[in-house]
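# could you look at this predicted model? Sequence included:
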Amino acid sequence: MARWAAWPGSGSPPVRWARVPGKPFLPWRRCCCSPVSRPDGQEPSASRISGWYTGSTERQWNRGKPFPTPHSPTGRSPIPAVKATSTPTANKRILMALTFCSFSSGSSGNCYLIKSEETALLVDAGISLKRIREGLAASGTPEEAVSAVLVTHEHSDHIRSIGAVGGKRGLGTPRIYANAGTWNAISKLPAYLGMEIPGQTTFVTGEDFTIGDITVHSFPVSHDAAEPVGYSFRCGESCVAIITDTGVVTPEIYEEACRANLLVLESNHDVEMLKFCRYPWFLKQRILGESGHLSNELAAQTVLRMLQEGKAPARIALAHLSRENNFPEMAWQTMKNVLEEEDYTVGRDVAICTLVRDEISEVMFV
């Protein structure tokens, strides 16, 4: 089982691990030595995604507990925390409007869970049905609770199991949502020629619709697909936006990102790694183009702009990282470096984590 430990700070730390100015060097690090206990005495989770790094001098965990308020020595407003108060007289229950969990994020497969008190939705089904079931079990979601699967576009890492989730051995009878352009493109793929996909439902991009108690809004993104979209999900005061597979951040994409409480933002590749990788030239040009993928630098510049305009979400999850041309520490470090150049600090001004490919994240409360 993977364990997490804090770098002790002695000697020269590895380049990919960062030090917050004025604070001890305590980022997360996976290790294979003796087990490391959590601060509350419990065993660490088997999930290997990093916790929200807040720059605090003690380990922080995001397991349904109130999100910590980082210290703000410069007077800048701290990240708002959820105040959970329970007294014997009041005995009030704090209800989280939306939760988010990543089952997989990357070019090999994508699948995310959005859940409210009444409704559970999947965004994309680009992994096997077995792995989807594993993700549902890990997040405490019954299979029959999944009401719908929402497809962003027709590439295989997003639609691998859309025909299986509603089949006889699938997840019951969920509706499969996509726009007309995406359905038309899917129908021409060899794997889906002549296939009738159970629960096929068409929506119009830009028009809101409701599934259970969740309002869904789709918006166009810039990618080399028929009619690719991103999504934002609203329930009560909570909003989650998922923005991946886009080469540029358009004004509409930017506005949707600013409205979110939790932003799932693509940070696909490091430009220098991509330039010198083994990909053919045409593929490099495709990824770097306006219909390709967001680089670490572009993602960081987008977050910086939101901070400068006072519109940044409290939490951001970096998603769709390339296996060959990126790694979680590099995406996080690039974000940190760009923000610190303008006197913003990860943890004090915005909380950042990375979604690891092929691994189930912990449930994030919004």
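Structure received.

# which pLDDT value goes with the closest residue to G163 other than its chain neighbours?
The spatially closest residue to G163, leaving aside those adjacent along the chain, is I197, at 5.3 Å (C-beta to C-beta, 6 or more residues apart in numbering). C-beta: built from backbone N, CA, C; applies to glycine. Here, the pLDDT recorded for I197 equals 89.

# quick one: the helices in the stretch 201-350 of the chain?
In the stretch 201-350 of the chain, the helices defined using DSSP state H, counting those that start in this stretch lie at 251-259, 271-275, 281-288, 296-308, 328-340.

# want to throw those into JSON lines with mean pLDDT and mean neighbour count?
As requested, those are exported to JSON lines (pLDDT from 0 to 100; neighbours: other C-beta atoms under 10 Å):
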{"stretch": "helix 251-259", "mean pLDDT": "97", "mean neighbour count": "16"}
{"stretch": "helix 271-275", "mean pLDDT": "96", "mean neighbour count": "15"}
{"stretch": "helix 281-288", "mean pLDDT": "96", "mean neighbour count": "14"}
{"stretch": "helix 296-308", "mean pLDDT": "98", "mean neighbour count": "20"}
{"stretch": "helix 328-340", "mean pLDDT": "96", "mean neighbour count": "20"}
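
# could I get these as TSV with distance to D213?
Formatted as TSV, the helices of the stretch 201-350 of the chain follow (distance: least, C-beta to C-beta, whole Å):
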stretch	distance to D213
helix 251-259	18
helix 271-275	41
helix 281-288	38
helix 296-308	28
helix 328-340	33
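
# tell me who's in contact with S291.
By C-beta atoms under 8 Å, 6 or more residues apart in numbering, the contact list for S291 reads S222, H223, D224, G247.

# rebuild the residues you listed as TSV, extending it with pLDDT, distance to M273 and neighbour count.
Below are those laid out as TSV (pLDDT from 0 to 100; distance: C-beta to C-beta, whole Å; neighbours: other C-beta atoms under 10 Å):
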residue	pLDDT	distance to M273	neighbour count
S222	97	22	19
H223	97	21	24
D224	95	21	16
G247	96	17	22
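
# can I get those in TSV with distance to M335?
Shown next, in TSV, are the contacts of S291 (distance: C-beta to C-beta, whole Å):
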residue	distance to M335
S222	21
H223	22
D224	25
G247	19
